[in-house]
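> Turn this into a structure:
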Amino acid sequence: MFKKRTNRLHLIFISLVSLIFFVRCVSSNPSEKNRIGAEMALQKAQEFIIEQGYTDLPASINKFKFEKGEFASDTSKILSYRKNTLYKPPFGIKQHGASITVGFEYFNKENNIGRAVTMDTLGVNIIMQTKEVRLDWFLEEE
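Numbering: from 1, shown residues only. Modelled structure (predicted):
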């Protein structure tokens, strides 16, 4: 009888430890815990295009990033090309897999064409897409 009781307590103890371990693993998953929502993604994308000089506001030279395929010995020339090309308010947002993409309309409107900022779901790795994007893509249902 004592042995049965000990085995049962041992089994309960192992089950309890396993449950605690599982709960801690799930709740401490940084990718889930630190994911940003749509509102934060929109804000980060808008800050990015301002910092990178795509709006009418001054760029942040210390945060300047070259787009893929962009080359210059003088970043001020690139900033002059970028200046006031995009509206500050985002056009739309779409999450796809582990990425979030935010679209922006050109200041001199193009028919259904804009630019897109893509980031991971943590809002950390932010880039401007090198190709233009169809803005109606942001309006499509999943």
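> hmm, who's touching stretch 90-99?
For stretch 90-99, contacts defined as Cβ atoms under 8 Å, 6 or more residues apart in numbering pick out 38, 41-42, 45-46, 100-105, 114, 118-121, 135, 137-139. Every C-beta, even on glycine, is put in place using the N, C-alpha and C of the backbone.
> What about those residues, which are in strands?
Counting by DSSP state E, the part of the contacts of stretch 90-99 found in strands is 100-105, 114, 118-120.
> Most widely separated two among these?
105 and 120 (23.8 Å; Cβ to Cβ).
> need the ones in strands among the contacts of stretch 90-99 in TSV with neighbour count and pLDDT, can you?
Shown next, in TSV, are the ones in strands among the contacts of stretch 90-99 (neighbours: other Cβ atoms under 10 Å; pLDDT from 0 to 100):
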residue	neighbour count	pLDDT
100	26	96
101	19	97
102	25	98
103	25	98
104	26	98
105	18	97
114	21	97
118	17	97
119	20	97
120	16	95
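> On the three-state scheme, the residue lying closest to residue 84 once chain neighbours are set aside is what?
Spatial nearest neighbour of residue 84, chain neighbours left out: residue 56 (4.8 Å); criterion: Cβ to Cβ, 6 or more residues apart in numbering. Recorded secondary structure, residue 56: coil (DSSP: H, G, I helix; E, B strand; the rest coil).
> Wait, residue 56 touches residue 85, no?
No: using Cβ atoms under 8 Å as the test, residue 56 is too far from residue 85 to be in contact (9.8 Å).
> quick one, which of those two is more surrounded?
Between residue 56 and residue 85, counting by other Cβ atoms under 10 Å, residue 85 is the more crowded of the two (16 against 13).
> I'd guessed the more buried one sits against residue 54; true?
Yes: contact criterion Cβ under 8 Å: residue 85 and residue 54 qualify, at 5.4 Å.
> quick one: common contacting residues for the two?
When contacts are counted by Cβ under 8 Å, 6+ apart, residue 85 and residue 54 are jointly contacted by residue 115.
> Tell me who's in contact with the residue positioned nearest the centre of the chain.
With distances taken as Cα atoms, centre = their mean, the residue of the chain nearest its centroid is residue 119 (2.9 Å). Shown in contact with residue 119 (Cβ under 8 Å, 6+ apart): 41, 44-45, 99-100, 102, 125-127.
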